[in-house]
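Peer 1: fold the following and give me the result.
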Amino acid sequence: MRHQEFLGGVALRAGLERTDDAREGATAALAALADHLPTDDRGALADALPTLLAREAGLDGGPPPATTGSPVETVARRTGWPPERARYVLVAVVEELAAEDTDLRDRLRRALPYDLRPTGGPALPPDAPAAGAEGRPQPVDEDTVARALRRLTDWEGDVTGIVRTIVLPAERLDLVLDRVHGVEREVGQRARVLERTPTSLTLRARTESLAVVTEVDLALAARIDDVVASVGSGG
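Peer 2: Alright, predicted model coming up:
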């Protein structure tokens with residue numbers, strides 16, 4: 001995983017506006033995890049992290065210090081933040097780690113208390129709905145996704161991601177993919193290719209850093225429908 005991308009994902013999940021806050025919160029959360037994880041899992045965490053993050057979190061050698069209190073209390077103590085804010089950041093770090101590394105995700109699920117285990121969902125602060133004015137993508141609810149799926153063509157899924165499989169001759173699929181990349185640049189969002197065969201292409205639209213569907217993902221899916229319709233009709 002990359003240092004800045006990891007911090008950016010944590011900031012997005014936790015609703016942190018300042019880079020310094022994301023770095024401070026992530027460092028404190030990683031240190032708290034290291035303090036509370038078994039030795040083998042602590043080593044796996046250190047191996048998965050960028051060198052700078054591992055060093056800042058105290059994971060670059062030596063045994064962890066004796067722990068007192070919960071991981072949330074550890075983050076709150078290290079940052080001076082209220083426990084509620086500390087919890088959001090800790091959960092954001094856990095979810096971002098799980099999204100980046102499946103082995104680490106499984107280790108965290110086994111080692112952490114139930115309320116801190118990664119779920120694959122978003123970790124957003126209470127004021128997240130107000131974040132749209134600040135330019136962050138906004139998750140949509142189940143009803144919004146359901147309505148969108150009725151409008152879209154051959155998409156299926158839920159709030160954790162929507163998927164469409166496109167079946168066309170190989171040369172037409174190449175053209176679809178090329179035009180989708182152009183749409184992605186215009187929309188400022190990417191669709192993930194889940195599978196490619198000689199005659200089919202499966203795409204997923206969701207905001208990967210949050211592992212949920214946002215408004216921009218629905219807009220991207222609609223634009224992809226336009227691309228497929230045009231290419232499929234020979235345009």
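Peer 1: so which bits of the helix or strand containing Val10 are buried?
Peer 2: Using DSSP states H and E, Val10 sits within helix 3-14. Within helix 3-14, the residues scored as buried using 16 or more other C-beta atoms under 10 Å are Phe6, Leu7, Gly8, Gly9, Val10, Ala11, Leu12, Arg13, Ala14. For glycine as for every other residue, the C-beta is placed from the backbone atoms N, C-alpha and C.
Peer 1: so what does it touch, helix or strand wise?
Peer 2: Packing partners of helix 3-14 (3 or more C-beta pairs under 8 Å, 6 or more residues apart in numbering; DSSP states H and E): helix 19-36, helix 51-56, helix 83-100.
Peer 1: Val167: which of those is closest?
Peer 2: Of all the helices and strands packed on helix 3-14, helix 83-100 sits nearest to Val167, with 29.4 Å by C-beta to C-beta.
Peer 1: how far does that closest one sit from the chain's center?
Peer 2: 11 Å (C-alpha atoms, centre = their mean, to the nearest Å).
Peer 1: can I get that helix in PDB, CA atoms only?
Peer 2: C-alpha atoms of helix 83-100 as PDB (Å, rounded to 0.1, in the frame of the first residue of the first chain):
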ATOM      1  CA  PRO A  83     -13.500   9.200  22.400                       C
ATOM      2  CA  GLU A  84     -16.200   9.400  19.700                       C
ATOM      3  CA  ARG A  85     -13.800  11.000  17.200                       C
ATOM      4  CA  ALA A  86     -11.000   8.600  18.200                       C
ATOM      5  CA  ARG A  87     -13.400   5.600  17.400                       C
ATOM      6  CA  TYR A  88     -14.300   6.900  14.000                       C
ATOM      7  CA  VAL A  89     -10.600   7.300  13.100                       C
ATOM      8  CA  LEU A  90      -9.700   3.900  14.400                       C
ATOM      9  CA  VAL A  91     -12.500   2.200  12.500                       C
ATOM     10  CA  ALA A  92     -11.500   4.200   9.400                       C
ATOM     11  CA  VAL A  93      -8.000   2.900   9.700                       C
ATOM     12  CA  VAL A  94      -9.200  -0.700  10.300                       C
ATOM     13  CA  GLU A  95     -11.500  -0.600   7.200                       C
ATOM     14  CA  GLU A  96      -8.700   1.000   5.000                       C
ATOM     15  CA  LEU A  97      -6.200  -1.700   6.100                       C
ATOM     16  CA  ALA A  98      -8.800  -4.400   5.400                       C
ATOM     17  CA  ALA A  99      -9.500  -3.000   1.900                       C
ATOM     18  CA  GLU A 100      -5.800  -2.900   1.100                       C
END
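Peer 1: buried sites along it?
Peer 2: 85-100.
Peer 1: please name the residues that touch Leu149.
Peer 2: Leu149 is in contact with Trp155, Glu156, Gly157, Ile162, counting by C-beta atoms under 8 Å, 6 or more residues apart in numbering.
Peer 1: looking at those, which is nearest Leu220?
Peer 2: Among those, and counting by C-beta to C-beta, the member closest to Leu220 is Ile162, at 9.8 Å.
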